[in-house]
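Asker: Okay, structure incoming, though there's no sequence with it:
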């Protein structure tokens, strides 16, 4: 099963925020159930050293459900912080984490929930290599690592590049990594231009 979340090549905290997405049928949640959660984790697993394909397959349904709850709590906190950082005006994008301090607390707790670190291996005559270790399940450690990345994102100047996509109906976030970038995707850019064109002609009566 593939995730139905839009993966835009953004940093993992932003990709997690974007597991809430919208189309003509309304707002959707890619983490709506254990299968959706597993599919999203599988889709991003290559982007973290802490989680391999087999780690996801080994998760029991109760473990996966607990992890789903953690990811949703983290996502709600991140979307609240993103709304604060961007001045997000979109009603449909509002997070369940209503207060800023509540979101900060949830993020900090998620970052420390599952300890993780890296160790060096170096056998004489071979190249040195780095290996991930964690104090719990690998997928849980990956969730904590995403929280750690989010702390770095919001505490550094890069947060000023974070944007809410203001295309009609969109609830996604993105990093403005190019001066001319205005939307999360080309599709949203096309929708926004079409909407502007429609409004201009409507006002002019053409």
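Answerer: It's in. Since the structure is predicted, the reported quantities are computational estimates derived from the model, not experimental observations. Residues are numbered from 1 along each chain as shown.
Asker: biggest helix in this structure by residues?
Answerer: In the chain, taking DSSP state H as the definition, the longest helix is helix 61-86.
Asker: which residues of this structure fall in helices?
Answerer: Going by DSSP H, the chain shows helices at 12-17, 34-44, 53-57, 61-86, 100-112, 138-155, 186-204.
Asker: which of the ones you listed is buried the deepest?
Answerer: Highest mean neighbour count among the helices of the chain (mean count of other CB atoms under 10 Å): helix 12-17, with a mean of 24. In this view, the C-beta of every residue, glycine as well, is placed from N, C-alpha and C.
Asker: nearest spatial neighbour of the residue nearest to the spatial centre of the chain, skipping sequence neighbours?
Answerer: Nearest to the mean C-alpha position of the chain, by CA atoms, centre = their mean, lies residue 16 at 1.7 Å. Nearest residue to residue 16 in three dimensions, chain neighbours excluded: residue 75, at 5.2 Å (CB to CB, 6 or more residues apart in numbering).
Asker: quick one: pLDDT of that neighbour?
Answerer: pLDDT recorded at residue 75 is 98.
Asker: where does the residue nearest to the centre of the chain sit relative to residue 154, distance-wise?
Answerer: Distance from residue 16 to residue 154, counting by CB to CB, to the nearest Å: 13 Å.
Asker: And residue 191, by the same measure?
Answerer: As defined by CB to CB, residue 191 lies at a distance of 28 Å from residue 154.
Asker: Kindly report the same for residue 84.
Answerer: As for residue 84, its distance to residue 154 is 9 Å (criterion: CB to CB).
Asker: cool, residue 78 as well?
Answerer: Residue 78 sits 8 Å away from residue 154, going by CB to CB.
Asker: Find the residues that touch each one of those two.
Answerer: residue 107 (CB atoms under 8 Å, 6 or more residues apart in numbering).
Asker: how near is residue 27 to residue 42?
Answerer: Using CB to CB, one gets 23 Å for the distance from residue 27 to residue 42.
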